[in-house]
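Undergrad: structure, please.
(2 chains)
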Number of protein chains: 2
Amino acid sequence: MESAMPDLPEAYEPTARTEPTRARERASYDRELVHSILDQAYVCHLGFVRDGAPVVLPTLFARVGETLYVHGSTGSRPLRMTGEADPGLPVCLTVTHVDGLVLARSAFHHSLNYRSVVVHGTAHQVTDPAEKRTALDALVDHAVPGRSTDSRPANAKELAATAVARLDLREVSAKTRTGGPNDELTDLTLPYWAGVIPVATEYGAAIPAADLSDATPVPSYLTGRP
Amino acid sequence: MESAMPDLPEAYEPTARTEPTRARERASYDRELVHSILDQAYVCHLGFVRDGAPVVLPTLFARVGETLYVHGSTGSRPLRMTGEADPGLPVCLTVTHVDGLVLARSAFHHSLNYRSVVVHGTAHQVTDPAEKRTALDALVDHAVPGRSTDSRPANAKELAATAVARLDLREVSAKTRTGGPNDELTDLTLPYWAGVIPVATEYGAAIPAADLSDATPVPSYLTGRP
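TA: Below is the predicted model:
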């Protein structure tokens, strides 16, 4: 995919909002890194402002090129808000993978290994029917690659009941921590264990629906999941 | 723990902000459910408003009774903001567990099994030294139960460099989805597989720090982790 977009610079441009105030060595604007962190997730935390106060909701998302999509019922609050005013809805979309618990000799130096992406921008409702279909397929395939072509596509009524919002990847930063604990030199001889407990997401064996015919095999895109 | 707090009602009081506009059957205000969802996590997504725009950042948190704590460098933006003004910082703190990918015959009825908690409120900086110590111990123990008494406690310099903010559990709701897909009756005969892919967090074997003495055994609170 990356090679098909030769005109894009390798990194996103930092802005006042995406420049870290601390732990600068953990921040990155690298486009490929940002894409990989986004693409390994399918749940994001979407923040917006309602009546002056912050709201953060978990929701599915998908990336198509340099655009992220979220969807929901046309009755859901944030989706309604994206369409309420021409300027759209200012949002912050954040994706986080926890990769490890980092145990140091000192309580202070305990940490997490993680990869996160924070996207600032304005969400707009998608009104073009073709873009909406592309987005909905991407949302299904982002969680289960290959699934959109192996399920019944949305019909007109379902499409009408679903709102999709887009958010362009412009003001974006990634943050990552890897490796072991960074203990104080004077703490190295303390008798406490130190190191990393790896954390990963595990996918279990597919559980067929109670009303599924026994003759329906588990598709290969499910059994092949890492 | 619950039995030690006999005066608390079984459920949080719904408010305009915590009443769902849709999928009401998934919402709950049950105190025990809220606590269990919070206590099985240690990373939350904290939302606040900066210059009128939403910001969502992943951060560690811990629960002590009816209070949540987050911490950070005294130089970090949200922590500074909790102490900037007497009224504190309006925040939304959200915790999400993904339990399964729900595959329906129709793209439209694809879903996630999940448990989430959304807390609205105002974060205040903790200034009482005893409460700050309690909070920091809880933050370590929330991620690794038993660890705070098996590591070097923070010294005066480290305490001074760490800011802690508190958020009371008052305006709180949980949302959960469980079970298989809810397909349309007319879709049940379609040839697509339907069911659930379980999703769980997996903890790997402890990896000792490169500078750890071979004589230091892996503590039992790590090997016993589910």
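
Undergrad: OK, contacts around the residue lying closest to A:V199 once chain neighbours are set aside?
TA: Spatial nearest neighbour of A:V199, excluding adjacent residues (C-beta to C-beta, 6 or more residues apart in numbering or on different chains): A:V98 at 4.9 Å. Glycine gets a C-beta too; all of them are placed from N, C-alpha and C. Going by C-beta atoms under 8 Å, 6 or more residues apart in numbering or on different chains, A:V98 touches A:L112, A:N113, A:Y114, A:V199, B:V43, B:T201.

Undergrad: what do you get for A:G75?
TA: So A:G75 contacts B:T21, B:R22 (C-beta under 8 Å, 6+ apart).

Undergrad: that one sits in which helix or strand?
TA: For A:G75, there is no enclosing helix or strand under DSSP states H and E.

Undergrad: repeat that for A:S36.
TA: helix A:31-39.

Undergrad: now do A:A135
TA: Short version, using DSSP H and E: A:A135 is in helix A:129-143.

Undergrad: that helix packs against which elements?
TA: strand A:53-64, strand A:67-73, helix A:156-161, strand A:162-168 (3 or more C-beta pairs under 8 Å, 6 or more residues apart in numbering or on different chains; DSSP states H and E).

Undergrad: run the last query once more with 7 Å
TA: strand A:53-64, strand A:67-73, strand A:162-168 (3 or more C-beta pairs under 7 Å, 6 or more residues apart in numbering or on different chains; DSSP states H and E).

Undergrad: any low-confidence regions in chain A?
TA: For chain A, applying pLDDT under 70 flags the ranges A:1-6, A:84-86, A:224-226.

Undergrad: possible to save the contacts of A:V98 as TSV with distance to A:S213 and neighbour count?
TA: TSV is the format used below for these (distance: C-beta to C-beta, whole Å; neighbours: other C-beta atoms under 10 Å in any protein chain shown):
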residue	distance to A:S213	neighbour count
A:L112	44	19
A:N113	44	19
A:Y114	42	20
A:V199	37	19
B:V43	40	20
B:T201	32	14
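
Undergrad: wait, A:S151 touches B:S106, no?
TA: Yes: counting by C-beta atoms under 7 Å, A:S151 does reach B:S106; the two are 6.2 Å apart.

Undergrad: on that earlier part again, quick one: name whatever helix or strand follows the helix or strand containing the residue nearest to A:V199.
TA: Taking DSSP H and E as the definition, one finds A:V98 inside strand A:89-103. On the C-terminal side of strand A:89-103, the nearest following helix or strand under DSSP H and E is strand A:111-125.

Undergrad: ok, back up a step: any idea which of the contacts of A:V98 is the one closest to A:P20?
TA: A:Y114 (14.2 Å; C-beta to C-beta).

Undergrad: tell me which residues touch the closest one, please.
TA: The contact partners of A:Y114, by C-beta atoms under 7 Å, 6 or more residues apart in numbering or on different chains, come to A:T96, A:H97, A:V98, A:D99, A:T176, A:R177, B:P58.

Undergrad: among the residues you listed, who's most crowded?
TA: A:T96 (24 neighbours; other C-beta atoms under 10 Å in any protein chain shown).

Undergrad: quick check: that residue vs B:A53, distance?
TA: 20 Å (C-beta to C-beta, to the nearest Å).

Undergrad: what about stretch A:38-50, near chain B?
TA: Yes: residues of stretch A:38-50 are located near chain B by C-beta under 7 Å from any C-beta of the partner chain, namely A:V43, A:H45, A:G47, A:F48, A:V49.

Undergrad: does the residue lying farthest from the centre of chain A sit in a helix or strand, and which one?
TA: Here the centre of chain A is the reference, and by C-alpha atoms, centre = their mean the most remote residue is A:T189, at 40.3 Å. Here A:T189 is covered by no helix or strand, with elements defined by DSSP H and E.
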